[in-house]
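Following is a predicted model, sequence given first.
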Amino acid sequence: MQAYLITDGEFETPRQAELKELIKGYYTARGFFIIEKTLQRDDLAFCRGCFDCWVKTPGECIMRDGIVEINRTCMTSDVVVYLCPVVFGQFSANMKYAIDRWLPNMLPYFITRDDGSTMHSPRYADYPAQIFLGYGEHLSQAAMHLFTDINKKHRSNVAVFFDQGDDAEICESLGKSPMSRTGGAL
Amino acid sequence: MSETKQKVVLISASPKVDQDWAVSAFLARRGEEYLKSADVSAEVIQVRSSLMHHKTQEAFEIVQAADAIVLVFPLYFFCMPAMLTRFLQDFAGVYPAADKESRVYAIINCGFPESGINMEAMRVVECFARQTGRLFLGGVMIGGGGMLIGAKDAPFMRPTFELIDALFARVAKDTLSETPEHGQITESSPKFPRWLYIIGGHAGWHSMARKNHIKPKEIRHKPYLR
């Protein structure tokens, strides 16, 4: 089993370092092999919405920077953990650079979900569980609520929770989160 | 309100290379024209250009000096595109708070037919406004954004453009008022059959793939299998 831990190098705080060790320890104790990726400013280009990953190089971004390794590792992992600074209630910039460029992992086609809303159809039969652990100083309830909605309202097999300074609580939340790949609509 | 003319800055945040076919750039230009015709001082900042040419500091100064900003952007993964996130995160790093009364509006478009899917992104704009000491006054959420430029003159697009222009009218009116109107979030999708939009979209992807010598079945290629 493989867990992929993605962190933001622009928000390296003592607490972030503690959380990284906590997460690594949690998954290592459960037999996971851990791969880490720290995103630095300018590691990745921003998605330019060209859709070449759908119609020119299907499944792969046309920009051959670090995203190739990131998407390949994501798609071959059982769990991807985003240790994510919460900025304006959403992802920090470095994290959003990686998340936007997840696009090749989906297909361009539209599907209608059970609730009647539209979504892109999956490219793969199954996907890793995705865990978004938000952190930041003085996170407001509104910001946490928004971050949760952004991640959970429109996607399945996703867990979202926040660092409130309590390691036991983090481990409990990890324990309640999905730990294996699942198929079906995104 | 002071006698000095107020300044509105439209922040155009489409990441696309070809800005002539970028919906957000198109709407920002429309807003600039509308506001100038209403005798409002207006300027467009192209986020892509600012970032690519390392001229963000210049842009930040313009945004900080604005009396009102209108964020115009496409939905990427249910919130702002990374490019705009970078711009606003860095802006708030340089200018953590507004140093005068400043209003924030947004126009958000998405490729899905449902306009309501933009709501979380609208709330991100509200969060940005609150955290930087600005007044959030709503905006417009647009579904079916893929049709906006190509079908701009079609009758079924008229209600969408009326809502967009109503927002520009409100922005203009607010520049003349001590107390702006209450914020309002409106939404619109083209009055076009959803099933036809989806079929047209799929045909469009196949057509684009063929131009790149990719067969439709090759679109489903899986490069990262375990």
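Perfect, I can see it now.

quick one, what contacts the residue nearest the centre of chain B?
Most central residue of chain B, judged by C-alpha distance to the mean C-alpha position with CA atoms, centre = their mean, is B:Val72 at 1.8 Å. Shown here is B:Val72, whose contacts under the criterion CB atoms under 8 Å, 6 or more residues apart in numbering or on different chains are B:10-13, B:24-25, B:27-28, B:31, B:106-108. For the C-beta atoms, the positions are set from N, CA and C on the backbone; glycine is no exception.

in chain B, which spans are helices?
Secondary structure of chain B, counting by DSSP state H: helices at B:23-37, B:47-52, B:56-65, B:82-94, B:119-131, B:158-174, B:194-211.

Can you pull the domain assignment for chain B?
Listed domain ranges for chain B are B:7-192, B:193-226 (source: automatic domain parsing).

now those in CSV, with mean pLDDT?
CSV is the format used below for these (pLDDT from 0 to 100):
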stretch, mean pLDDT
domain B:7-192, 95
domain B:193-226, 94
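
Relative to A:Ile111, which of those is closest?
Between A:Ile111 and the domains of chain B, the shortest gap by CB to CB is with domain B:193-226, which sits at 9.1 Å.

That closest one close to chain A?
Yes: on the criterion CB under 8 Å from any CB of the partner chain, domain B:193-226 is in touch with chain A at B:198, B:201-202, B:205, B:208-209, B:211-212, B:214, B:218-226.

Among those residues, name the buried ones.
Among these, the ones that count as buried by 16 or more other CB atoms under 10 Å in any protein chain shown are B:198, B:201, B:205, B:208-209, B:214, B:219, B:224.

So what does residue 132 look like in phi/psi?
No chain was given, so I picked chain A. A:Phe132 has phi and psi values of phi -110, psi 110 when expressed as degrees, to the nearest 10.

Switch to chain B, please.
For B:Thr132, the backbone dihedrals are phi -110, psi 20 (criterion: degrees, to the nearest 10).

Any idea which of the helices of chain B gets closest to A:Leu44?
For A:Leu44, the closest of these is helix B:82-94, at 8.3 Å, according to CB to CB.

angle of the closest one against helix B:23-37?
For helix B:82-94 against helix B:23-37, the angle by axes from the mean of the first three to the mean of the last three CA atoms, to 10 degrees is 60 degrees.

and the residue nearest to B:Glu43 when sequence neighbours are not counted, how many neighbours?
Closest residue in space to B:Glu43, ignoring its immediate chain neighbours: B:Val9 at 5.4 Å, by CB to CB, 6 or more residues apart in numbering or on different chains. Other residues within reach of B:Val9, judged by other CB atoms under 10 Å in any protein chain shown, total 24.

Same check on B:Phe192?
Applying other CB under 10 Å, we find 16 other residues in the vicinity of B:Phe192.

Quick check: it vs A:Val80, distance?
37 Å (CB to CB, to the nearest Å).

Tell me the bridge partners for the residue nearest to the centre of chain B.
B:Ser12, B:Ile107 (DSSP bridges).

That one and B:Leu167, how far apart?
If you measure B:Val72 against B:Leu167 using CB to CB, the figure is 10 Å.

Pull up the overlap in contacts between the two.
Contact criterion CB under 8 Å, 6+ apart; residues shared by B:Val72 and B:Leu167: B:Ile107.

quick one: the helices in chain A?
Listed in chain order, the helices of chain A (DSSP H) span residues A:14-29, A:52-55, A:67-75, A:93-100, A:141-152, A:167-176.
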